[in-house]
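J.: kindly return the folded structure for what I paste below:
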Amino acid sequence: MAKHYGWEPIYEAVDNNPYLNDFYENMPRWSFNLQIYFLHSRLKQVLDIQKGNKTVIQDRTVFEDAYIFAPNLHEMGLMSTRDFENYINLFRTIFTQVQAPDLMIYLKCSLPNLVDQIQKRGREYEDNIRLDYLKQLNSYYNNWIDNYREGELLVIDVDTLNFADNPEDFSTVVHKIDTQLFGLF
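T.: This next block holds a predicted model:
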């Protein structure tokens, strides 16, 4: 998408994340630290985007951590209530500085497809992801997106549209984005 539109891609900072390996080895111990790391990283990205004049496409939002990952960790007993409340209060303070994206594009997929995509990435630290953790995350994502009211939203069902490998599906997605952003039909 970035190449097609000439937008600058901004990716999730995973390569230099000092907590990911530890988190997947011991989720209760490292969940708060990981969430704070991501919150800081995404907030910095958003503030840089807001200060800049380039059109960007970002693969993760600051909203996901607060509405999906942290609540999921808390509900699964992998983040203490004290840490979760501290995290959410910090997010609420930060949220006042964040503008919603012009268009939120949500790539919706089934759990089997999600597992397949994770395996295709081949990230060693993701080898130990618990299936119940992914299932719960997917549920949180679907609930969040069903209630998303921060701005414009486009849901792409990647179980039926394989835009990464199929040029026709890519054209369909581009048409959907153009319609949403530019009012084209």
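J.: how about stretch 171-185: buried residues?
T.: In terms of neighbour count (16 or more other CB atoms under 10 Å), stretch 171-185 has its buried residues at 173, 176-177, 180. Just so you know, the C-beta spots here come from the backbone N, C-alpha and C atoms, and that holds for glycine as well.
J.: now stretch 25-40
T.: For stretch 25-40, using 16+ other CB under 10 Å, the buried residues are 27, 30-32, 34-39.
J.: related to what we said a few turns ago, quick check: the farthest pair among the buried residues of stretch 171-185?
T.: Largest separation among those by CB to CB: Val173 and Gln180, giving 10.6 Å.
J.: now, the buried residues of stretch 25-40 that are in strands?
T.: With DSSP state E as the criterion, strands contain none of those.
J.: just send those residues back as TSV, with pLDDT too.
T.: Shown next, in TSV, are those (pLDDT from 0 to 100):
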residue	pLDDT
Met27	91
Trp30	97
Ser31	96
Phe32	97
Leu34	95
Gln35	95
Ile36	95
Tyr37	93
Phe38	91
Leu39	92
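J.: and those, which of them are in helices?
T.: Mapping those onto helices (DSSP state H) picks out 27, 30-32, 34-39.
J.: so what's the residue nearest the centre of the chain closest to, chain neighbours aside?
T.: In the chain, the C-alpha nearest the mean C-alpha coordinate belongs to Arg60, at 3.5 Å (CA atoms, centre = their mean). For Arg60, ignoring the flanking residues on the chain, the nearest one in space by CB to CB, 6 or more residues apart in numbering is Glu12 at 4.6 Å.
J.: part of a strand, is that neighbour?
T.: No - looking at Glu12 with DSSP: H, G, I helix; E, B strand; the rest coil, it is coil, so not inside a strand.
J.: give me the neighbour count for it.
T.: Glu12 is flanked by 14 other residues according to other CB atoms under 10 Å.
J.: tell me the mean pLDDT over the helix or strand Asp178 falls within?
T.: Assessed by DSSP states H and E, Asp178 sits inside helix 167-182. The pLDDT scores in helix 167-182 average 94.
J.: now that helix, how far from the chain's geometric center?
T.: Here helix 167-182 is found 20 Å from its chain centre; the criterion is CA atoms, centre = their mean, to the nearest Å.
J.: for it, packing partners?
T.: Where contact means 3 or more CB pairs under 8 Å, 6 or more residues apart in numbering; DSSP states H and E, helix 167-182 is packed against helix 2-5, strand 103-108, strand 152-157.
J.: now do the second one: distance to the chain's middle.
T.: Taking the mean C-alpha point of strand 103-108 and that of its whole chain, the gap between them comes to 9 Å (CA atoms, centre = their mean).
J.: next: the first one.
T.: Relative to the centre of its chain, helix 2-5 is centred 19 Å away, using CA atoms, centre = their mean.
J.: and the angle from the helix holding Asp178 to strand 152-157?
T.: Using axes from the mean of the first three to the mean of the last three CA atoms, to 10 degrees, the direction of helix 167-182 lies 170 degrees away from that of strand 152-157.
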